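Novice: What follows is a predicted protein model with its sequence.
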Amino acid sequence: GVAYFQGTRTLIASRQPAEALPLLRGLVTIAARFEQMTEEQGEGLGLAVRLALYSLDDEAFGDATTQAAATRGSLLQAAATTGLAVPDQLRTVESSEIWRSLTAEMQMARHAVDHSYGIAGLHMKPTDQTNTVGFETGQRPGPFTDLIASACVIAQLELLRHAAPIFGWTIDAESIDTLITEAKELNETSARSS
């Protein structure tokens with residue numbers, strides 16, 4: 001999550017917020033999983049085990065499927081030994097509050113990931129006096145940049161807020177809530193201006 005946040009921040013500072021969208025999506029996905037772990041009726045740490053099990057996909061391992069199956073068995077046995085409940089399946093990240101609160105950004109991010117050439121449209125300049133369309137590789141700071149930056153801050157702070165109890169970290173929840181509120185206000189203002 002920290003790496004995604006730093007990568008996004010670096011791209012925004014380099015005036016390439018459109019290219020930061022896939023990283024923002026990764027950050028929000030991680031924040032969504034931590035949210036699901038810490039909800040009152042959430043999956044708890046068993047969610048992390050289920051994610052690890054999903055990563056042991058037979059197709060990804062090819063000839064090593066026997067090793068993948070053994071690893072799956074070991075993970076499930078270790079979870080059972082410690083009394084950790086592993087869900088049979090996972091809710092989608094789209095069902096999380098963080099994902100829903102950043103719907104516009106997540107739609108843009110999905111488009112950027114699935115159709116990377118679509119990012120080019122975000123670099124187009126409107127027609128000028130000569131009736132030609134321009135193209136900028138770097139985008140000037142403005143509502144679009146603020147939209148992506150504020151979404152990144154919201155996701156990072158939500159990740160911190162949900163990860164802290166799992167890792168036993170002490171945080172200033174009041175300051176985090178204040179910053180999230182400010183970031184959401186900027187995000188909404190930027191969305192209306194974009």
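Specialist: Arrived safely.
Novice: contacts, neighbours, all on C-alpha from now
Specialist: Will do.
Novice: Break down this protein into its strands, ranges please.
Specialist: For the chain, the strands defined by DSSP state E cover 124-125, 134-135.
Novice: and the ones you listed as CSV, adding mean neighbour count and mean pLDDT?
Specialist: Supplementary listing: the strands of the chain in CSV, determined by neighbours: other Cα atoms under 10 Å; pLDDT from 0 to 100:
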stretch, mean neighbour count, mean pLDDT
strand 124-125, 14, 72
strand 134-135, 12, 74
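Novice: I'd like the ones you listed laid out as TSV, including distance to Leu102.
Specialist: Converted to TSV, these look like this (distance: least, Cα to Cα, whole Å):
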stretch	distance to Leu102
strand 124-125	24
strand 134-135	27
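Novice: between those strands, which gets nearest to Ala79?
Specialist: Proximity to Ala79 (Cα to Cα) singles out strand 124-125 among those, at 51.3 Å.
Novice: what mean pLDDT would you report for stretch 32-40?
Specialist: Per-residue pLDDT over stretch 32-40 has a mean of 94.
Novice: Looking at the strands of the chain, spot the one closest to Arg161.
Specialist: So among those, strand 124-125 is nearest, using Cα to Cα, at 37.1 Å.
Novice: the bottom helix or strand of this structure by mean pLDDT?
Specialist: Every helix and strand in the chain was compared by mean pLDDT, DSSP states H and E; the lowest is helix 58-61, with a mean of 56.
Novice: center of the protein - which residue?
Specialist: The chain has Val28 as the residue nearest its centroid, 1.9 Å off, counting by Cα atoms, centre = their mean.
Novice: and it, how far is that from Glu94?
Specialist: Remark: distance between Val28 and Glu94 (Cα to Cα, to the nearest Å) = 10 Å.
Novice: do Leu157 as well
Specialist: Distance, Leu157 to Glu94, using Cα to Cα: 18 Å.
Novice: Over to Gln41?
Specialist: Noted for Gln41: a distance of 17 Å to Glu94, by Cα to Cα.
Novice: Next: Leu21.
Specialist: In terms of Cα to Cα, Leu21 sits 16 Å off from Glu94.
Novice: now swap in Thr82 and tell me
Specialist: 30 Å.
Novice: With Gly83 instead?
Specialist: 28 Å.
Novice: Who has more neighbours out of these two?
Specialist: Taking neighbours as other Cα atoms under 10 Å, Gly83 and Glu94 compare with Glu94 leading, 14 against 10.
Novice: List phi and psi for the residue at the greatest distance from the centre of the chain.
Specialist: What lies farthest from the middle of the chain is Thr130; by Cα atoms, centre = their mean that is 40.8 Å. Phi and psi for Thr130, reported as degrees, to the nearest 10, are phi -90, psi 10.
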